[in-house]
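Q: only geometry, no sequence info:
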């Protein structure tokens, strides 16, 4: 390990140890307060992590400021855009207003010029009148002016007059002439000596103010004189400068101007100035009160138009001053030019030798606030919006900053971090987080801890290959290097072993990724032990099943449903078919399968598909069985019994069919053989039975003969002995009588023997009729029969109540007669004799009965002979008997399904046992 | 003795048995009218009065003592014939035989035998049995109509 690596590991180890000390066993509970740093470390709370922490803080600050700069940039950009937009809109509005204003001004100028032109034309008309007529009387002038209807058509013109040039030498004459006309007060004003005079002699309408001008010498006043002389010299209309008209009364004084048109004397040449000066007779003129003129001219316009109030000042000449102000639409004629106007336009009007300057202004600005509405709206709205967003951004950054500060203080976990943390904690995979550079475990999730049963602090700070849990692959540095290079490794079926020695098969996937410029490795470890085991179990089960299928002596075939494709045929199946695997076609449908396997009905006709059990299972999901033939070749058919059933999936859908078929050919053959043998056997049995019947018949005939024919001679012997005795009464000696008695006794014994033999023989043949038998009653009957033999004997009987049994009463009676009779007989030497009968338990569900006596007993050595026919253990002299009684007992008990045996000793009595079914 | 003895037909192929029977009857003074025939065929001849008995006087014996095991026609055949013939079936028939065979007993009673006696081997018992038999059938019992009532002929019948 290099020095560098050690340096990297040491703090982490310390960290792990410290964490272990601080919070033993609380690895999980501290998780939620971990900072959102993508590396899952505990650094923030620990000295060991200070350098990292400060770096973190720097990072946080950088983020915050960067984000603040964003907000500020946004603010500036937003406001700039807003202002520019507003300015643009304002400019648009203003230029539109300017265009409107210019248009309006132009209209006004044209109107004024037109009015002046019209006024000049009237004056020229008046001049023309003087030129046309030699003289124009006062009355004529009045008529002329009246026809002009000036008040109606050209309002604002103060009047239309004629000023006569009066040379000085003619002044008095002139005054006299006017006075003669009826104006005695008339004189030319102002008085005084001048080179020439002019006098306003006509002025219509001749009333009111105009009367004040009557007789006024306009040449006496320089402004007027200038205009008058210019008109004369140029022979044109001339407009005067600013004057105060003589008509002014002191009230409503208006600036005034006058316009003159020269009138020459009739017939005189006026080509040159001198000629004109010489020919001049007077001037037709009009005085104009400027305000009235302008109102008359612009009266229809001098109101708000399209919401605008354009004010107009008219100045005489180029100089704008109160002295030159002719007209002010605002009313105050002497007012100084408004400097507050936002927009003003000066338009010179040159007319009749004079220049007027029209000054148009829009009071309060050329464009109203309302006109700026859109611009204001944009400006205001944009500013507000920008400010709002800016505020929001600041607020959000502030929040984020607070979050980060809190997070940095370990107080809060970001939601996303929390989510991933939960995932990490709850994952059902083991997760290891490694430092990619060093391989040191930085974090481990609870699942892996639980899986390996190792405390958390064992993982932390160790290198993954030092843990020793992973047996192969990444267990060494080389593999780790591989991971570092490739960035992704995946190992399947890797062994992982915890300290408890429990081995897990795991799937190990790890990959490298960048977190915060730092490379980390996440290892996901999935425990696939169960899966591996399940797969192994499955394989084992499959193997078992396969082995079972392969080894089954029954043929087994499996076909897919619904295609009917044969999927599998086991070895036995192939054997039955008589084919090897190569011959069996497995990729054909069910119809072809039936044909290819040559399945025939038992009568040899080919089976239809729906007659084949496997096909029925596949096609109809039916369980069925059938016997049919499989034709191996021309010469050999195999008989099979096939049982087929469908195989269903969990949804009860038929997915395959299975048939198990057994080759019955050999069985059938054997069956046939057995049948033949049985037939033969039956035949033989019948023959034997017939023989037996015949033998039986013979035996019966024999016993009959014995019974009848053997007894007769005995009876004859007895009869004749008796008769002989009677005949030779008194003549026979003692010896003779003894012989006779012996003959009689012998024949008697012979009779008994015959009777016993016949009874024995009959016992083997007669039908049994088993019924409930009361043993007590039967015993009493027997004892009654025995009474002659017991007479005079001292016998102690001990017979307790006996059970009810199932037996043939007649036969059982014979048993009891024999056994009890024997007991009586063989106790003859005893005084007293003890005879006991009773029950000695059960055997095989049968009751064991016994008869015991204290008689002469028998030598056990010969005990096995006791029950044989004609077997006797005593001489006839000792105890009479034929040796058939016990044989009969055994035969009867055996026929009842029981058994007999005897116990005894010589001279110490005997016990005879027999078993019987108890009554149902 | 003034006892009225009725005739007895004794059917037995064994001369010794016949002798013993007669002896027993004689011991009890019952051997009055005993007709003896040696086989079943003769017995039927007698009863039907044919063959060698064609000339005999009409009338049936008071009782027939019948042995079973006989040559030619055995006792069972004779019994069957007697009991199936309306003319003869009223005649009391007593089987006297050496056989204790159950089948014989059953067959005899099925055919309608009136009594069945197994001849005891012991002669005294035989004598007793014959005495009881003879005194009952030949003396006490009233035979059906048509039975022979011959005069007492003590010495005849042999």
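A: It's in. Quantities reported herein were computed from a predicted structural model and do not represent experimental measurements.

Q: and the strands in the stretch 351-500 of chain A?
A: A:354-361, A:430-435, A:441-444, A:488-497 (DSSP state E, counting those that start in this stretch).

Q: select, out of these, the one closest to residue A:272.
A: strand A:354-361 (23.6 Å; CB to CB). (Glycine included, C-beta is placed from N, CA and C.)

Q: need the contact partners of that closest one.
A: Contacts to strand A:354-361, defined as CB atoms under 8 Å, 6 or more residues apart in numbering or on different chains, come from residues A:101, A:104-105, A:108-109, A:112, A:227, A:238-241, A:310-318, A:320, A:326, A:337-338, A:341, A:343-350.

Q: in TSV: the strands of the stretch 351-500 of chain A, plus mean neighbour count and mean pLDDT.
A: Below are the strands of the stretch 351-500 of chain A laid out as TSV (neighbours: other CB atoms under 10 Å in any protein chain shown; pLDDT from 0 to 100):
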stretch	mean neighbour count	mean pLDDT
strand A:354-361	21	83
strand A:430-435	22	85
strand A:441-444	23	86
strand A:488-497	15	79
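
Q: between these, which gets nearest to residue A:195?
A: Closest among these, using CB to CB: strand A:354-361, at 24.8 Å.

Q: and the closest one, which strands flank it?
A: Note on strand A:354-361: by DSSP bridges, its sheet partners are strand A:311-316 (antiparallel), strand A:344-351 (antiparallel).

Q: quickly list what the residue sitting nearest the centre point of chain B is bridged to.
A: The residue lying closest to the centre of chain B (CA atoms, centre = their mean) is residue B:65, at 2.0 Å. Beta-bridge pairing of residue B:65 under DSSP bridges involves residue B:10, residue B:94.

Q: do residue A:851 as well
A: Beta-bridge partners for residue A:851, by DSSP bridges, are residue A:837, residue A:912.

Q: run through the residues that contact it.
A: Residue A:851 makes contact with A:819-820, A:822-823, A:835-837, A:911-912 under the criterion CB under 8 Å, 6+ apart.

Q: give me the pLDDT value at residue 82.
A: Because you didn't say which chain, this covers chain A. What the model reports for residue A:82 is a pLDDT of 86.

Q: wait, I meant chain B there
A: Reading off the confidence values, residue B:82 has pLDDT 93.

Q: excluding its backbone neighbours, what's nearest it?
A: Excluding the flanking residues, the one nearest residue B:82 by CB to CB, 6 or more residues apart in numbering or on different chains is residue B:88, at 4.6 Å.

Q: hang on, isn't the one you found packed against residue B:46?
A: No: counting by CB atoms under 8 Å, residue B:46 is not a contact partner of residue B:88; they are 10.9 Å apart.

Q: compare those two (neighbour count), which wins?
A: More crowded of residue B:88 and residue B:46, by other CB atoms under 10 Å in any protein chain shown: residue B:46, with 22 against 17.

Q: related to what we said a few turns ago, where does the residue nearest to residue B:82 land in three-state SS?
A: The three-state label given to residue B:88 by DSSP: H, G, I helix; E, B strand; the rest coil is coil.

Q: I'd like the distance between residue A:453 and chain B.
A: 96 Å (CB to the nearest CB, to the nearest Å).

Q: count of residues packed around that residue?
A: Quick note: residue A:453 (other CB under 10 Å) scores 10 neighbours.

Q: quick one: residues contacting it.
A: Going by CB under 8 Å, 6+ apart, the list of residues near residue A:453 reads A:498-500, A:502.

Q: please produce CSV containing these, extended by distance to residue A:381 and neighbour count.
A: As requested, the contacts of residue A:453 are exported to CSV (distance: CB to CB, whole Å; neighbours: other CB atoms under 10 Å in any protein chain shown):
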residue, distance to residue A:381, neighbour count
A:498, 69, 15
A:499, 72, 11
A:500, 73, 9
A:502, 72, 12
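
Q: those also near chain B: which ones?
A: When the contacts of residue A:453 are checked against chain B using CB under 8 Å from any CB of the partner chain, none falls in range.

Q: name the SS class of residue 76, please.
A: As the question left the chain open, I've gone with chain A. Put simply, residue A:76 is helix when judged by three-state DSSP.

Q: um, chain B though
A: On the three-state scheme (three-state DSSP), residue B:76 is labelled helix.

Q: thank you, goodbye.
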